[in-house]
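Novice: show me how the following folds:
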Amino acid sequence: MKNNNLVEKVTYFAGKVGGQRHLLGLRDGMAAAMPLVIIGSFFMLLAQFPFEPFTKWLQKVGLQAFFNKASDSTFGIIGLVISFSVAYHLGSYYKINKFSAGVLSLASFIILTPIYTIDIGAGFPIKYMGSAGMFAGIIIALITTEIYRWFEQNNIMIKMPDSVPPSVSRAFSAIIPGLAIVSFWVIISIILTYLGVENIHSLIQSVLGSTLGLLSNTLPGIILVIFIQCFFWMFGIHGAQVTGPLIEPLLLQASDINRTAYIAGQELPNIITYEFVYNFVFTGGAGCLFAMALLLFFKSKSKENKILGKIALPPTCFQVPESILFGFPIIMNFKIAIPFVLAPITTTIVTYYAMYFGLVAKPIGAIIPWTTPPVIAGFLATGGHISGAIIQIITIAINILIYLPFFLKDDKMKIETEKKAELEKNENDFENVDLNNFTF
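Specialist: Residues are numbered from 1 along each chain as shown. Model prediction:
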């Protein structure tokens, strides 16, 4: 009864968190920007390909500069894109004019971004358009959408006759809330200037970055995040969706800092980045289940686990472990909770210190698609360094040892269950035999 109450409480809490409009808007807004990040990472890896004759050739013919520009141009507008996409998706959850909310958020972001003037003209700094502007973009988007929602839900807007085309009517309906929103952010900008604040980006970064950075920039912090993710997964709740909206902007910032340093040929400052968590720690997805997939495929003796191993290994190679999560099962199976939590935490500690002591190359800031198979992902995430692949082989081997005793116990229990079921079937078959059909 106590276990049922715990499950109900955790499920209820996670449902409330997972269904919260602002977090959903933030999650979907971040997801909308990820294709840009992956595309930029592709051009970065191409420009810095781990084969010196090729990179020298690219530099000689002038292509390397264009590939680097493609990388900078995609990474360099993440904050700008997020300011639109978060407002757009939050507006869709509120069922208001989501496009107008997104455009007004984008305009507000520009209003609060400083303009630098030099001899050849004036312009916005790429620094704040990119990852350094993500938190400002998120906050501006959330506040802007809330203001717009209040005006629309209270019908404080220009209403055009029914004969006017819908596109024109929607445009005019955004004028009054848009005027209020732009005026609000202009006032905020004036107040910050008089208070001596350089700009809202640096203010938000110093306040939120230093606080949330304890979760993303330190080993104990990221271990806590991983524990929370695994905890929710045990109850069938997508752990990354619970922690992602808060932690992923910081991880992407850390990746972008490494990317810039790598292109400039400087020392990489960060170990814990987006790719550290999603490519190095979670090999095979939640709980480092690639190790379990290997055990199911190669070590199973029970019929149930043998079948599951054949089904589960191919998708788990591409970080899709749902067949194990629900088929083994992992979810709601608290007998397997210890290795499910211990494996990713151990992987985090081993990988972190291997990079800290220089035994393994740090992530270069290229966001590798999360579906990239282990070992290949480690190789690419470190810029083609063999140590990135080797550390993944080592951590997978460690995870196999962690899961092994729990797997063997489960496999033995399933064998006994299958034998018992087979024995009962034979007894039932014998009882159903008609002895009158036999002659003696």
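
Novice: show me what the helix ranked longest in the chain is packed up against.
Specialist: Using DSSP state H to assign secondary structure, the helix with the most residues in the chain is helix 386-431. Applying 3 or more CB pairs under 8 Å, 6 or more residues apart in numbering; DSSP states H and E, one finds that helix 386-431 contacts helix 290-299, helix 303-317, helix 337-356, helix 376-381. Placement of C-beta: from N, CA and C, glycine included.

Novice: do you know which of the ones you listed lies nearest residue 48?
Specialist: Of all the helices and strands packed on helix 386-431, it is helix 376-381 that lies closest to residue 48, at 11.2 Å by CB to CB.

Novice: buried residues, that closest one. List them.
Specialist: Along helix 376-381, the positions that meet the burial threshold by neighbour count (16 or more other CB atoms under 10 Å) are 377-381.

Novice: and of the residues you listed, the nearest to residue 67?
Specialist: The shortest approach to residue 67 among these belongs to residue 380, at 15.9 Å (CB to CB).

Novice: tell me the spacing between that closest one and residue 254.
Specialist: Distance of residue 380 to residue 254, given as CB to CB, to the nearest Å: 18 Å.

Novice: again, but for residue 280
Specialist: Remark: distance between residue 280 and residue 254 (CB to CB) = 13 Å.

Novice: who has more neighbours out of those two?
Specialist: Counted by other CB atoms under 10 Å, residue 280 and residue 254 do not tie: residue 280 has more neighbours, with 30 against 25.

Novice: for that one, list the residues it contacts.
Specialist: 347, 351, 363, 377-378, 381, 388, 391-392, 395 (CB atoms under 8 Å, 6 or more residues apart in numbering).

Novice: please redo it, this time with the cut-off set to 6 Å
Specialist: The contact partners of residue 280, taken as CB atoms under 6 Å, 6 or more residues apart in numbering, are residue 351.

Novice: check it and give its pLDDT.
Specialist: Each residue has a pLDDT score; the one for residue 280 is 94.

Novice: could you do residue 430 as well?
Specialist: In the prediction, the pLDDT value recorded for residue 430 is 51.

Novice: what does residue 273 give?
Specialist: At residue 273, the pLDDT value in this model is 93.

Novice: ramachandran angles for it?
Specialist: The phi and psi values for residue 273, taken as degrees, to the nearest 10, are phi -130, psi -180.

Novice: surely it meets residue 363?
Specialist: Yes - using CB atoms under 6 Å as the test, residue 273 is close enough to residue 363 to be in contact (4.7 Å).

Novice: tell me how many other residues surround residue 246.
Specialist: Close neighbours of residue 246, defined as other CB under 10 Å, add up to 15.

Novice: how far does the one helix or strand it maps to sit from the chain's center?
Specialist: Residue 246 belongs to helix 239-263 when assigned by DSSP states H and E. What separates the centre of helix 239-263 from the centre of its chain is 8 Å, taken as CA atoms, centre = their mean, to the nearest Å.

Novice: what do you get for stretch 52-65?
Specialist: 33 Å.

Novice: repeat for stretch 326-346
Specialist: Average the C-alpha atoms of stretch 326-346, do the same for its chain, and the two points are 20 Å apart (CA atoms, centre = their mean).

Novice: before we move on, what about stretch 144-156?
Specialist: Relative to the chain's own centre, stretch 144-156 is displaced by 31 Å; criterion: CA atoms, centre = their mean.

Novice: one more: stretch 154-161?
Specialist: Between the mean C-alpha position of stretch 154-161 and that of its chain there is a distance of 39 Å (CA atoms, centre = their mean).

Novice: distance across that stretch, terminal residue to terminal residue?
Specialist: The stretch stretch 154-161 measures 19 Å between its terminal residues, going by CA to CA, to the nearest Å.

Novice: avg pLDDT for it?
Specialist: When pLDDT is averaged along stretch 154-161, the result is 81.

Novice: can you check stretch 306-319 too?
Specialist: For stretch 306-319, the mean per-residue pLDDT is 91.

Novice: who touches it?
Specialist: Counting by CB under 6 Å, 6+ apart, stretch 306-319 makes contact with 284-285, 289-290, 293, 296-297, 300, 323-324, 327, 370-371, 373, all of which sit outside it.

Novice: what residues of that stretch count as buried?
Specialist: Of the residues in stretch 306-319, those scored as buried under the neighbour-count criterion (16+ other CB under 10 Å) are 306, 308-309, 311-313, 315-317, 319.

Novice: redo the residues you listed as TSV? Include distance to residue 411.
Specialist: Compiled in TSV, those are given as follows (distance: CB to CB, whole Å):
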residue	distance to residue 411
306	9
308	11
309	10
311	16
312	14
313	16
315	21
316	17
317	21
319	24
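
Novice: now, which of these sits nearest residue 85?
Specialist: Scanning the buried residues of stretch 306-319 for proximity to residue 85, where the rule is CB to CB, the winner is residue 319, at 24.0 Å.

Novice: you'd agree that closest one is in a strand?
Specialist: No - Residue 319 is assigned coil when assessed by DSSP: H, G, I helix; E, B strand; the rest coil, not a strand.

Novice: that one and residue 286, how far apart?
Specialist: For residue 319, the distance to residue 286 under the criterion CB to CB works out to 9 Å.

Novice: ok, residue 196 next?
Specialist: Relative to residue 286, residue 196 is positioned 46 Å away (CB to CB).
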